[in-house]
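Novice: Pasting the sequence and the predicted coordinates here, then a few questions.
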Amino acid sequence: MTTVFYNSACPVCDAGINAQKEKMTSCDVEWVDVHKNPDAVDELGTDLEFVRERLHVVDKAGRVSVGASAFAVLLANTPSQRIWAKLIRLPVMEAFSNTIYNLFARALYRWNRSRKHW
C-alpha cells in the first residue's frame, strides 16, 4: 500500500489532494492528514513542520519520497497520469521539478503560517 502524508490545513494542498484522491479511487492508497493526526509523522521519523511544508509518500516497498519526488510516486500510481511521472523523473526535469516544488512549498508554507492555518 502507498501512504500519503499531507496537510489539510493548507487550502491549496487540501484541494490538490482531494483532486488526486478522485483520480486514485481504484488505487490502494492510505491518505494521512497530519493536521488531524500530527503523531502520524513519527512513522516517518521527521519533523511535523517539514511534513506540513512538503508532501511525503511511502511507497509499497517502504521508500519515503518527499516533494516533487513524492508527487511523481502519486502520478506513477494514477492510471491517467503515469506519463507525467515519467516526465518529472527525467534527469533534467527532475532537478527542475525539485527546485520549483521546493520554492513553491516554502512560499506556501510561509503564507499558511502568516494566515495562522495551524
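Specialist: Nice, I can see it. Numbering: from 1, shown residues only.

Novice: longest helix in this protein, by residue count?
Specialist: helix 91-114 (DSSP state H).

Novice: Not counting its own residues, what contacts that helix?
Specialist: Residues from elsewhere that reach helix 91-114 (Cβ atoms under 8 Å, 6 or more residues apart in numbering): 9-10, 12-13, 52-55, 67-69, 71-72, 87-88, 118. (Glycine included, C-beta is placed from N, CA and C.)

Novice: Please spell out the ChimeraX selection for the buried subset of those.
Specialist: Selecting only the buried entries of the contacts of helix 91-114 in ChimeraX, with 16 or more other Cβ atoms under 10 Å as the criterion:
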select :9,10,13,52,53,54,55,67,68,69,71,72,88
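
Novice: ok, which pair from the contacts of helix 91-114 is furthest apart?
Specialist: Leu87 and Trp118 (32.5 Å; Cβ to Cβ).

Novice: Tell me if I'm right that Cys10 and Glu53 touch.
Specialist: No: applying Cβ atoms under 8 Å, one finds Cys10 not in contact with Glu53, separated by 9.0 Å.

Novice: Which of the three states applies to Trp31?
Specialist: strand (DSSP: H, G, I helix; E, B strand; the rest coil).

Novice: wait, it sits on Gln20?
Specialist: No: using Cβ under 8 Å, Trp31 is not in contact with Gln20, being 9.0 Å away.

Novice: These two - which one has more neighbours?
Specialist: Ranked by neighbour count (other Cβ atoms under 10 Å), Trp31 and Gln20 place Gln20 first, with 21 against 15.

Novice: Please, which helix or strand holds the closest residue to that one other than its chain neighbours?
Specialist: Closest residue to Gln20 apart from its sequence neighbours, by Cβ to Cβ, 6 or more residues apart in numbering: Leu74 at 6.0 Å. In the assignment (DSSP states H and E), Leu74 maps to helix 68-76.

Novice: what angle do that helix and strand 29-33 make?
Specialist: 140 degrees (axes from the mean of the first three to the mean of the last three Cα atoms, to 10 degrees).
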